[in-house]
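Q: Structure for the following, please:
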Amino acid sequence: MSISKGDTVTWNTPQGTTEGTAVEKKTSPFQHDKQKFNASDDEPYWIVESDKTGSQAAHKESTLERG
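A: Modelled structure (predicted):
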């Protein structure tokens, strides 16, 4: 399964499943919202934007599902 920019994706949160949009793929270490993430080609992260709140967060690609 591969995710592309603009895809609708879902992910789990403590409040349940959330839906949003894949904004940007990261394949090297980066910082988002004052947190550091060790993204790599083997373990990419995506910046996703929540449809409900409009806020952005970083998630491992392996934790996202295309919706």
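Q: Can you list the low-confidence ranges for the protein?
A: 1 (pLDDT under 70).
Q: right, and the helix or strand after the top strand by length along it?
A: Secondary structure of the chain per DSSP state E: the longest strand is strand 16-26. Using DSSP states H and E, the helix or strand that follows strand 16-26 towards the C-terminus is strand 30-32.
Q: Now the very next helix or strand once past that following strand: buried residues?
A: Of the helices and strands lying after strand 30-32 in sequence (DSSP H and E), the nearest is strand 35-37. Within strand 35-37, the residues that qualify as buried are F37, counting by 16 or more other CB atoms under 10 Å. Just so you know, the C-beta spots here come from the backbone N, C-alpha and C atoms, and that holds for glycine as well.
Q: helix or strand right after strand 35-37?
A: strand 45-50.
Q: Compute the inter-axis angle for that next one and strand 16-26.
A: With axes from the mean of the first three to the mean of the last three CA atoms, to 10 degrees applied, the angle from strand 45-50 to strand 16-26 works out at 130 degrees.
Q: how far out from the middle of the chain is strand 45-50?
A: Distance of strand 45-50 from its chain centroid, counting by CA atoms, centre = their mean, to the nearest Å, is 3 Å.
Q: for stretch 19-39, same thing?
A: Worked out by CA atoms, centre = their mean, stretch 19-39 lies 7 Å from the chain centre.
Q: Touching that stretch from outside, list them.
A: 3-11, 40-41, 44-52, 56-58, 61, 64, 67 (CB atoms under 8 Å, 6 or more residues apart in numbering).
Q: Show the buried residues in the residues you listed.
A: Looking at these with 16+ other CB under 10 Å, the buried ones turn out to be 3, 7, 9, 11, 44-48, 57-58, 61, 64.
Q: Rebuild those residues as CSV, extending it with distance to S28.
A: Shown next, in CSV, are these (distance: CB to CB, whole Å):
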residue, distance to S28
I3, 17
D7, 21
V9, 21
W11, 21
P44, 9
Y45, 10
W46, 13
I47, 13
V48, 18
A57, 18
A58, 13
E61, 14
L64, 18
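Q: what's the spacing between K25 and P14?
A: 25 Å (CB to CB, to the nearest Å).
Q: I am finished for the moment; much appreciated.
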